[in-house]
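Asks: sharing a model prediction with you, sequence too.
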Amino acid sequence: MSTEMTQSILSDPDLAAPDKKIKVWDPVVRIIHWTVVLGVFANLTLLRESSDIHQIVGYVVFGAVSCRIAWGLLATGHARFSSFAPTPKKVSEYLGAMRERKEPRYIGHNPAGSLMMFGLIFLLLLISATGWMMSLDQFWGVKWVEEVHETVANIIIGAVVLHVLAAVYVSFKHHENLPLSMVTGRKRRAAQGDVDNAPVTGRR
């Protein structure tokens, strides 16, 4: 951890108490997250064959993802895309540390998690686009559109399963309930060796 980052952690008034948790995920991020979770789960399971309701839920998910993109560009702190945008170097180094079971704890998204997040955003935009195309006369019954839509749906299922397993692994690894943090918005404060990719003094 850099000296600058360490100093920002030690000077943060929220971190004065050893066991005090800090705010990480704001209400906008949490509401969007659970809206997408419920919508995707419903459309890929219970509503998969229900055309009208499936379509409505799909539009809700698309709206939520669009809001997350806008919020990721405008927000501050850990919600801002620039605070956790994955790069090949960051991802490869993190995966290398994982292989050695030495990966650091991140206060926000770790590089693998951020890569998954951006990947899911892309997949959800793609499935939304093909779903919308299937509702148009121009693409009604066009096989390749239906095949892309179905294929992306199956990829999303696989990605979600991987995402859940990774969240469980990291929760056990760092003794922190990640799903719960997306409900409360709070996580354990940074300690020596942790990475805060949006320290308070560095937020804009």
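Replies: Cool, the structure landed. Numbering: from 1, shown residues only.
Asks: C-alpha from now on. contacts and neighbour counts both.
Replies: Noted.
Asks: tell me how many other residues crowd Ser50.
Replies: Ser50 has 10 neighbours, counted by other Cα atoms under 10 Å.
Asks: what's the answer for Leu46, then?
Replies: Leu46 has 10 nearby residues by other Cα under 10 Å.
Asks: likewise Lys102?
Replies: Around Lys102 there are 12 residues (other Cα under 10 Å).
Asks: so Met133 versus Ala190, what's the distance?
Replies: From Met133 across to Ala190, the span is 46 Å (Cα to Cα, to the nearest Å).
Asks: quick check: phi and psi at Glu100.
Replies: phi -90, psi 0 (degrees, to the nearest 10).
Asks: any idea how far Glu93 is from it?
Replies: Glu100 is 11 Å from Glu93, by Cα to Cα.
Asks: which one's more surrounded, those two?
Replies: Neighbours were counted for Glu100 and for Glu93 using other Cα under 10 Å; Glu93 has more, 15 against 9.
Asks: could you check the pLDDT of Ile156?
Replies: Model confidence at Ile156, given as pLDDT, is 97.
Asks: what is the neighbour count of it?
Replies: When counting by other Cα under 10 Å, one arrives at 19 neighbours for Ile156.
Asks: name the helices or strands packed onto whichever strand or helix holds Leu73?
Replies: Using DSSP states H and E, Leu73 falls within helix 51-74. For helix 51-74, the contact count by 3 or more Cα pairs under 8 Å, 6 or more residues apart in numbering; DSSP states H and E identifies helix 27-44, helix 81-84, helix 111-134 as packing neighbours.
Asks: got CSV for those helices, with mean pLDDT and distance to Met182 too?
Replies: Output for the helices and strands packed on helix 51-74, formatted as CSV (pLDDT from 0 to 100; distance: least, Cα to Cα, whole Å):
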stretch, mean pLDDT, distance to Met182
helix 27-44, 97, 6
helix 81-84, 94, 16
helix 111-134, 96, 14
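Asks: mind naming the longest helix for the protein?
Replies: Looking across the chain with DSSP state H, the single longest helix is helix 143-173.
Asks: any idea how far Ser181 is from Arg30?
Replies: Distance, Arg30 to Ser181, using Cα to Cα: 9 Å.
Asks: if you could redo that for His174, that was the one I meant.
Replies: His174 is 13 Å from Ser181, by Cα to Cα.
Asks: repeat that for Ala129.
Replies: Taking Cα to Cα, one finds Ala129 at 31 Å from Ser181.
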